[in-house]
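Enquirer: Got a predicted model here, sequence first, then my questions.
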Protein chains: 2
Amino acid sequence: MPLATNPVRRFAALDDTDRTILAELAADGRMPNNALAERVGVAPSTCLTRTRALRECGAIRGFHADVDPAAVGLPLQALVSVRLTAHERAAVDAFRARSVRLPGVVSVFHVAGAEDYVLHVRAASADALRDFVLDYLAVDPAVQHTQTSLIFEQARGRG
Amino acid sequence: MPLATNPVRRFAALDDTDRTILAELAADGRMPNNALAERVGVAPSTCLTRTRALRECGAIRGFHADVDPAAVGLPLQALVSVRLTAHERAAVDAFRARSVRLPGVVSVFHVAGAEDYVLHVRAASADALRDFVLDYLAVDPAVQHTQTSLIFEQARGRG
DNA sequence: CTTGAAAAGGTCTAAGT
DNA sequence: ACTTAGACCTTTTCAAG
């Protein structure tokens, strides 16, 4: 993949109306099209066309309910830093593909720096969290080292 | 706040139907109620009652569009670890309240361990990211030290 | 608590301005 | 891009099982 690749090109046509739609739907993903149109200041039909285009060009990747982890029996959260043994593309990509499928994994960040990955995970208990690290990461020959930081509290920003 | 506090109590009544609804809406937050009802195996009216109860008891905290950061002119992401100078509750809480309002902040994690906070931030460019750290964190007297790790790639897990 | 059916409201398409 | 109109679908309520 050449360094000159410019993925922003796809979004070049976005104007203020589009950005407002994105902000409103990021805040409330279930807002009816009528209400959205009024907030944005365009006709409902225009709003619908814009919203659909935003989904098709990839600016909107999907809609998701924000579920309280405690409600599904996973009250604990942690950030697990992972350093790999090898750093070729194949090993790195393979670890990412594997880690996103592990139970309790919310997000996988491939980062620059001393660590290679940071996993945001949820667990039912401290024991379950320990088991997650030991059973899925520590035994992985691709994993050289892990460090687990329990999350006391998470707050959402506003973009 | 006593250690014995048990916030799980609020969700004690959740059954299989509720958990299926949560899973479906987490995967597709815009699924129509009658499609959801069919997948879950109850009548649409029942499904609506359940879904509303899940929102009111806090199991569903909201619905959000998943917006591609690149679409809104913020193609860069980073994890910024923050160590505070003081660790009394007042200082810690104040920093959290401040940091969630900073521009580009996606999530704020209060973590156990050597660092106090990890900020997930978005930025328009490397310069903008540097400015964010210097202008908002480095100048903050409550902040002792920061470490910024650029995010090469983020992948979502499945809960 | 769940249900089916009726009423109310939103979505979507296609026309013309 | 906006408006209108109408078909279609979804949500919501409510009386009853």
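Expert: Everything's here; your move.

Enquirer: For the residue nearest the centre of chain A, which three-state class applies?
Expert: Central residue of chain A (C-alpha atoms, centre = their mean): A:Ser107, 5.2 Å from the mean position. At A:Ser107 the chain is in strand, as set by DSSP: H, G, I helix; E, B strand; the rest coil.

Enquirer: Beta-bridge partners for it, please?
Expert: Counting by DSSP bridges, A:Ser107 forms beta bridges with A:His120, B:Arg156.

Enquirer: wait, it sits on B:Gly157?
Expert: Yes - at 6.2 Å, A:Ser107 counts as touching B:Gly157 under the criterion of C-beta atoms under 8 Å. In short, each C-beta sits where N, CA and C put it, glycine included.

Enquirer: Name all residues that sit in contact with those two at the same time.
Expert: Listed as contacting both A:Ser107 and B:Gly157 by C-beta atoms under 8 Å, 6 or more residues apart in numbering or on different chains are A:His120.

Enquirer: what's the spacing between the residue in chain A that DNA strand C sits nearest to and A:Glu38?
Expert: Distance from DNA strand C to each residue of chain A (C-beta to the nearest atom of the strand) is smallest for A:Pro32, at 3.1 Å. Distance, A:Pro32 to A:Glu38, by C-beta to C-beta, to the nearest Å: 10 Å.

Enquirer: quick revisit: who are the contact partners of the residue nearest to the centre of chain A?
Expert: So A:Ser107 contacts A:119-120, B:154-157 (C-beta under 8 Å, 6+ apart).

Enquirer: Excluding chain neighbours, what is closest to the residue located most distally from the centre of chain A?
Expert: Relative to the centre of chain A, the most outlying C-alpha is that of A:Ala43, 32.0 Å out, by C-alpha atoms, centre = their mean. Once flanking residues are discounted, A:Ala43 sits nearest to A:Ala37: 6.2 Å by C-beta to C-beta, 6 or more residues apart in numbering or on different chains.

Enquirer: Check the offset of whichever strand or helix holds that neighbour from the chain's centre.
Expert: For A:Ala37, the host element (DSSP states H and E) is helix A:33-40. Relative to its chain's centre, helix A:33-40 lies at 27 Å (C-alpha atoms, centre = their mean, to the nearest Å).

Enquirer: just stretch A:132-140 next, same as before
Expert: Using C-alpha atoms, centre = their mean, the offset of stretch A:132-140 from its chain centre is 22 Å.

Enquirer: Buried residues in that stretch, which are they?
Expert: A:132-133, A:136-137, A:140 (16 or more other C-beta atoms under 10 Å in any protein chain shown).

Enquirer: how many other residues sit next to the closest residue to DNA strand D within chain A?
Expert: Nearest residue of chain A to DNA strand D: A:Thr46, at 2.7 Å (C-beta to the nearest atom of the strand). Neighbourhood size, A:Thr46 [other C-beta atoms under 10 Å in any protein chain shown]: 13.

Enquirer: Verify the contact between it and A:Asn33 for me.
Expert: No - counting by C-beta under 8 Å, A:Thr46 does not reach A:Asn33; the two are 10.2 Å apart.

Enquirer: returning to that earlier point: would you list the buried entries among the contacts of A:Ser107?
Expert: For the contacts of A:Ser107, buried by 16+ other C-beta under 10 Å: A:119-120, B:154, B:157.

Enquirer: any idea how chain A splits into domains?
Expert: Structural domains assigned to chain A are A:16-57, A:69-151, following the TED database.

Enquirer: Which of these has the lowest mean pLDDT?
Expert: Mean pLDDT per stretch puts domain A:16-57 lowest among those, at a mean of 93.

Enquirer: what's the first-to-last distance across that one?
Expert: Distance across domain A:16-57, first residue to last, is 16 Å (C-alpha to C-alpha, to the nearest Å).

Enquirer: How about stretch A:26-36?
Expert: Span of stretch A:26-36 from end to end, C-alpha to C-alpha: 12 Å.
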